[in-house]
Structure formats: C-alpha cells, structure tokens
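**Student:** From the sequence below, what's the structure:
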Amino acid sequence: MDNSPCFIDVLDDFQEFLGKWSLFQKKSAVFVTDGPFDIRDFITKQCKHSNLKKRPAYFSTPWINIRKLFREFYNYPVNKNIGAMLEALDMKFEGREHSGLDDSRNLVAIGRKMWEDGCVFKTNIKWKAPHKNIRKR
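**Tutor:** Just a heads-up that it's a prediction; the model follows:
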C-alpha cells in the first residue's frame, strides 16, 4: 500500500509554505520547469483528477521553461532535455532519472551553472487556458 499523501494534502502543505514566505503575495516568485508540460499539462490534469474546480492562481502566472532559456542563452539550435543540458555543461545526472525530486535537484544544478555563467532568469511561458471548441450558429 502506498503511504504517500494525496495531491490535495501536498497542495495544502505547499500553500502553507508559500504563505510562510509570502511568495506570490508580498514577495515575487516564479516556477522554473523542464519544459511547458509540467504546469500546463500535469498540474492541470492532476487538479482535474483531484476534483478541484480550478487550479490555484499561482499556477497561472508566467513561469520559466529552463529548456528554452538554456537553448537561447547558450545558442543551441534546439531544446535539450535534462541529461543533454547536463552533458553540455560537463555535468552528470545525480540520482534516478524521471524521479521528480532528482530531476528537480538536477535542474537546480543546471540553473545554478547558468546563473554563474551570467544568465538572467526571466519568465518565458505564459499560461494559456485550454481552448474549448465553441460552435457558432
């Protein structure tokens, strides 16, 4: 049996963390993701699956797609995944690939190196609500 907390409990804990540090309230904050899908697709689907009427507003703020930022900053022709970004920086993946926690730690390492190399982190993705097909008569 899985003893992991459910999404709603994790979301409650996350909101407590945000409130404790006044993030997205008095202090600015931004999500950094490995592509557009983490928030756009996965969070949206999980909220729907968990019967939330709408996703929390902080998930609708612009965020940073580190793949796109990496490509633009280092002048690569195409986006790279985590492993390829690490390889380009002469770094190795730490942990187990596709583990949310290990992927996050490796993204931090990539972001830290980019920062040291002079990268300025600016939002580069805006939330777009899913398109609904509306028939005009």
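**Student:** lowest average confidence, helix or strand, in this protein?
**Tutor:** Ranking every helix and strand in the chain by mean pLDDT, DSSP states H and E puts helix 37 at the bottom, with a mean of 90.
**Student:** Check which helices and strands that one sits against.
**Tutor:** Here helix 37 touches no other helix or strand, going by 3 or more Cβ pairs under 8 Å, 6 or more residues apart in numbering; DSSP states H and E. Yep, even glycine has a C-beta here, placed from its N, CA and C like the rest.
**Student:** contact partners of that helix?
**Tutor:** By Cβ atoms under 8 Å, 6 or more residues apart in numbering, no surrounding residue is in contact with helix 37.
**Student:** Which residue is the nearest non-sequential neighbour of residue 66?
**Tutor:** residue 32 (5.4 Å; Cβ to Cβ, 6 or more residues apart in numbering).
**Student:** Residue 65: neighbour count?
**Tutor:** Residue 65 is flanked by 22 other residues according to other Cβ atoms under 10 Å.
**Student:** CA atoms only: put stretch 110-117 into PDB for me.
**Tutor:** The C-alpha trace of stretch 110-117 is given here as PDB (Å, rounded to 0.1, in the frame of the first residue of the first chain):
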ATOM      1  CA  ILE A 110      21.700  23.500 -14.300                       C
ATOM      2  CA  GLY A 111      20.100  26.800 -13.200                       C
ATOM      3  CA  ARG A 112      23.000  27.500 -10.800                       C
ATOM      4  CA  LYS A 113      25.600  27.000 -13.500                       C
ATOM      5  CA  MET A 114      23.600  29.200 -15.900                       C
ATOM      6  CA  TRP A 115      23.400  31.900 -13.200                       C
ATOM      7  CA  GLU A 116      27.200  31.600 -12.700                       C
ATOM      8  CA  ASP A 117      27.700  32.000 -16.500                       C
END
